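Trainee: Sequence first, predicted model second:
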Amino acid sequence: MSKWDTYHSALGEEVEIEPVERCEFEGGVAFVWNIFNGFPEEFSSCGAIYSEPPWKKGFDEFNRRAGVVSEENTYQSLVDAIGDACLNSGKPCFILTSKMDVGKYKHYTGVIKVEFEVHKSCECACLCYNVEAPNFGEAPIPTSKLIKWITKKYGSVADFCCGYGGTGEKVIENGGKVVLCDYNPKCIAVVKSRFSKE
């Protein structure tokens, strides 16, 4: 367990920390990036993309924390930006969302039943882009096992909504490399602390 063994949830408290724009650590890099700009160039070195973007219920809270509140910045515009970026990347992409929000997404090629270990009561799904959904059987696969499978298959993983770096930690634990992004510089600061050797 790391000192930042926490998840950046709209349901929990935000970690108060000085913002950081970019950091490098053993196994990867993290920096501020907004998915509305598509995927950053650094994603081209990764074998796959896995991310847990905000769900509709938490969207406004995450925007408030990042200081990017505007009328043009709607949940549907976020979902559209994600779908377009995934499709245009040509890479295998795996996007976790609530079952209620699946219909808002476009371009996905399959759905994986997932058990979201952070919020076990939430019904969720993982949308696949540019790849067929793997068959893990009838029971939902826990997110940690899905991340392990993605890491073993693709080697390096990018995450455009990295939050406090939990996905990155799982990827590195399973021998992979990561490129992590979030539009909130406080999240990048937590990632820096989480992976710090100090």
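Mentor: Sure, I can see it. Numbers count the residues shown, from 1 in each chain.

Trainee: helices and strands around the single longest helix found in the chain, which ones?
Mentor: Criterion DSSP state H: the longest helix present in the chain is helix 75-89. Identification of packing neighbours for helix 75-89 by 3 or more Cβ pairs under 8 Å, 6 or more residues apart in numbering; DSSP states H and E yields strand 48-51, helix 56-66, strand 93-98, strand 124-129. C-beta coordinates here come from the backbone N, C-alpha and C atoms, glycine included.

Trainee: and that helix, how far from the chain's centre?
Mentor: 13 Å (Cα atoms, centre = their mean, to the nearest Å).

Trainee: For it, buried residues please.
Mentor: Across helix 75-89, burial judged by 16 or more other Cβ atoms under 10 Å covers 75, 78, 79, 80, 81, 82, 83, 85, 86, 89.

Trainee: Format those residues as CSV; extra columns: pLDDT and distance to residue 36.
Mentor: Shown next, in CSV, are the buried residues of helix 75-89 (pLDDT from 0 to 100; distance: Cβ to Cβ, whole Å):
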residue, pLDDT, distance to residue 36
75, 84, 12
78, 90, 8
79, 92, 11
80, 95, 10
81, 93, 5
82, 95, 10
83, 96, 12
85, 97, 9
86, 97, 14
89, 97, 15
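
Trainee: low-confidence ranges in the chain?
Mentor: 1-13, 15, 59, 62-63, 65-66, 70-71, 119-121, 197-198 (pLDDT under 70).

Trainee: how about the strands in it?
Mentor: In the chain, the segments counted as strands under DSSP state E are 22-25, 28-32, 48-51, 93-98, 110-115, 124-129, 141-142, 156-159, 177-182.

Trainee: chain center to the third one: distance?
Mentor: Looking back up the chat, that one is strand 48-51. Relative to its parent chain, strand 48-51 has a centroid offset of 7 Å by Cα atoms, centre = their mean.

Trainee: same check, this time on the second one
Mentor: With Cα atoms, centre = their mean as the basis, the distance from the averaged C-alpha position of strand 28-32 to the chain average is 13 Å.

Trainee: Can you point out the buried residues in that strand?
Mentor: Going by neighbour count (16+ other Cβ under 10 Å), the buried part of strand 28-32 is 28, 29, 30, 31, 32.

Trainee: helices or strands up against it?
Mentor: Secondary-structure packing of strand 28-32 (3+ Cβ pairs under 8 Å, 6+ apart): strand 22-25, helix 166-173, strand 177-182, helix 185-195.

Trainee: follow-up on the earlier one: which one of the strands of the chain lies closest to residue 41?
Mentor: Judged by Cβ to Cβ, the one of those that comes nearest to residue 41 is strand 177-182, at 10.0 Å.
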